[in-house]
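# fold the following and give me the result.
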Amino acid sequence: MITTSLDGQWALVRRGREALLLASGCAPVVGRHELDSDDVELAFVGPPTVAVAIARAPEPKVVLLQVPGLEPMARLELERPMKLAAITGPRFALVADDAKSAVIVRAAGRGLSSQSVDLGSPLELAVGLERNQLLFSLLRKLEVWDAVSGRPLLRLSLQLPPPPRTVGAAQGHLWCTRPGSDEVHVYRLSDGRPFRHYVGATVEQVICHPASPVLVLVTPQGLVRLHCFAHSLTLIDAPWTPGTPLAQLAAGDDLRLLGLATGTLEPWSVAISSAGSPLATSAPPRASDDAMTTDKVRTLRERMQAQAHAASETPPTTASSAGAHAAPAVTPPAITLAGTPPAVAPPAVAPPAVTPPAITLAGTPPAVTPPAVTPPAVASHAVTPPAVTPAVTPPAVTPPAVTPPAITLAGTPPASAPSAASPAAPQRADATSATTRSPAWRDPLAAFGLDLARGAEVEAPVVGSDTELADLAQRLGLSPAARRALTVLYGVYLAGAPALPLARLARVLGDWTEPLGQGDLGALAMLSRHGGKVRLRAAVTHLLDGLAPRAIRVAGAGASAPRPGAVRLDRDGRSDAAIEAALVERLGRIAALDGDATTGVLEARLHGATALALTAPTARPSPWPRDAALIVVADAMAPAWVSSLPALG
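I've put the predicted structure just below:
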């Protein structure tokens, strides 16, 4: 087996009864631990990142292992054999074999603490979400639980396929499959909107990571990459063989698939951040006043044709999606591995007057044609709190106008409600405050991105002042060249081709400064460059999509004037709530890190807030955005780099 840490720094490989720790999934081995038996589960929890070994025999127990040495630090005896059900931050849920009792264990420093929870009914499945939340599927109900208090927060109404089923979490999404099925259901957690993907081959396993929006689907015919935001299916060219243990390593925007071949110690690694070989190609859509017409030519790869259905090529089809997303006249073949797009049927409560953007912006590829038959199981708004019901159907890139704090799942708005001692209720960032903004300003950008991706010589459209992009450019004080580069890169992102060759971007801009990372965007750490291509980091596109930050929790509503640089703040026995309250009063607005430190510092800079690390990161966040501000709360276990920081004056 192989498992990876949430921060993308470590991979844990198991060989028999020996656990081996690899930095970034690469040799040499930096830590070893001998397991007591074969019946042991290994996992990472944190921050701070530590490893845990859950043993069922010879005696039930949980052992906390230090990283990187894997030396045992703490031990927790269990009353009965239990198995790992879900992980959320430093907490994880253990469930007994009878599925009637559960224990939430917390890894705190060098110790372990446990709390028994009364589920009230047998547990079918559990999924770890962000911000110390757990999703439990109990008898005829789906509930979000607070892992801190061990109490249910909210009952959801996601229309999951019937049991037996497998459910997991990806960045901002839930996914679900059934045994022997060739379908994958993806649910966007910001509004609960369901998407159905027809893979065309039996999905035997799904490899996911809570910090990655990419799902790796293991099929008898190979590995398929499904991007939850772009809703694109592509083949993965990897040295994979059936039975190979797989895991994702997610370090910011760098997503890699690790595989452990038989008889080897070091896993092989394949980049999955960008799309691979497409399973279907399509002509660009042409918009009209009231509908979108798409001419599609589906093409299967040669190696898939030999193993797929006798009909190896789908004839061109024409689909019309006027307002209510009418079904196409030609039903896609069942074996088209990526030809069938996600289900985009609007919720049943959507009024006819609301028409989604013509090219379904939320990263959805231009070749998307709704499936011929949309089962009723995914035809309704999946996340609908009892007291709040959205009035209209939100477009694909815009979260609903009302999102209850309790269901801020996996990278959506702030999670569980603050305690009474909390200094202030978390505030949504500036880019998501204008929930009434029309998303239509993205239409010309997406059309521009489609033309640019086809190689056409086009001019970037002018973006209005009342948009998320204009707000960000003004808040960061971007130069005209940087603003133009931001517009171009966001346009190609909306078109589903986020990475643009450096030379192509330079030709569009008429300047090499921004493409080479020498301008404002590079200085602000907003760009990711790999293999001669440049793209916006996920934190930037997430903000421009109108969504709340994923790795920070903004507190305070006053004006903020962050002081650039990193400083140290001694804890002096104060609680997290007391520290937050004092800093909110002093600074006006702060952004408490609640995820990856590098992503959190960037998001805080994009939102004009001072980042606050209540738990010191193991290393200084890098790359460092220009003029970013970070306050690190230091205690006795703070790493050396924190001790060298100047004290907060």
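# okay, now the domains of this protein?
151-236+272-409, 439-544, 552-643 (automatic domain parsing).
# doesn't residue 591 belong to a helix?
No. In this structure, residue 591 is strand, not part of a helix, as judged by DSSP: H, G, I helix; E, B strand; the rest coil.
# give me the distance between it and residue 112.
30 Å (C-beta to C-beta, to the nearest Å). Every C-beta, even on glycine, is put in place using the N, C-alpha and C of the backbone.
# next one: residue 181
38 Å.
# the two: which is more packed in?
Taking neighbours as other C-beta atoms under 10 Å, residue 181 and residue 112 compare with residue 112 leading, 19 against 16.
# return the set of buried residues in the longest helix along the chain.
Looking across the chain with DSSP state H, the single longest helix is helix 480-494. Using 16 or more other C-beta atoms under 10 Å as the test for burial, helix 480-494 gives 481-494.
# closest one of these to residue 146?
Nearest to residue 146 out of these is residue 493 (C-beta to C-beta; 34.3 Å).
# what ranges does this structure have for its helices?
302-305, 430-433, 442-453, 468-476, 480-494, 502-509, 520-523, 538-544, 576-587, 597-606, 640-643.
# so which of these is the most packed in?
helix 597-606 (a mean of 27; mean count of other C-beta atoms under 10 Å).
# the inter-axis angle of that helix versus helix 468-476?
90 degrees (axes from the mean of the first three to the mean of the last three C-alpha atoms, to 10 degrees).
# change the start of the numbering to 178 and stick with it
In the new count, where the first residue is 178, that last one comes out as helix 774-783.
# once you drop chain neighbours, what's closest to residue 435?
Closest residue to residue 435 apart from its sequence neighbours, by C-beta to C-beta, 6 or more residues apart in numbering: residue 444 at 4.1 Å.
# quick one: the one you found and residue 437 touch, right?
Yes. Counting by C-beta atoms under 8 Å, residue 444 touches residue 437, with 4.8 Å between them.
# please enumerate the shared neighbours of these two.
Here residue 444 and residue 437 share the contacting residues 179, 190, scored by C-beta atoms under 8 Å, 6 or more residues apart in numbering.
# which one of those two is surrounded by more residues?
residue 444 (24 against 21).
# tell me the phi and psi of the more buried one?
phi -70, psi 150 (degrees, to the nearest 10).
# and the furthest pair within the buried residues of helix 657-671?
Once C-beta to C-beta is applied, the buried residues of helix 657-671 give 658 and 671 as the farthest pair, at 20.7 Å.
# okay, and the beta partners of residue 372?
Taking DSSP bridges as the rule, residue 372 bridges to residue 363.
# just give the number of residues close to it.
By other C-beta under 10 Å, neighbour count at residue 372 equals 24.
# hang on, the earlier thing: would you turn the helices of the chain into CSV with mean pLDDT and distance to residue 260?
Shown next, in CSV, are the helices of the chain (pLDDT from 0 to 100; distance: least, C-beta to C-beta, whole Å):
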stretch, mean pLDDT, distance to residue 260
helix 479-482, 48, 36
helix 607-610, 40, 38
helix 619-630, 87, 45
helix 645-653, 89, 43
helix 657-671, 91, 40
helix 679-686, 89, 49
helix 697-700, 93, 46
helix 715-721, 92, 32
helix 753-764, 88, 31
helix 774-783, 92, 31
helix 817-820, 86, 37
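# nearest to residue 410, of those?
Going by C-beta to C-beta, the one of the helices of the chain nearest residue 410 is helix 479-482, 11.5 Å.
# burial measure for residue 400, as a count.
23.
# so who does the spatially closest residue to it that is not a sequence neighbour touch?
Residue nearest to residue 400 in three dimensions, not counting chain neighbours: residue 413, with 4.1 Å by C-beta to C-beta, 6+ apart. Residues counted as contacts of residue 413 (C-beta under 8 Å, 6+ apart) are 393, 399, 400, 401, 402, 434, 447, 449, 453.
# nearest to residue 347, of those residues?
residue 393 (10.4 Å).
# separation between that closest one and residue 401?
Counting by C-beta to C-beta, the gap from residue 393 to residue 401 is 7 Å.
# how near is residue 655 to residue 699?
For residue 655, the distance to residue 699 - C-beta to C-beta - is 12 Å.
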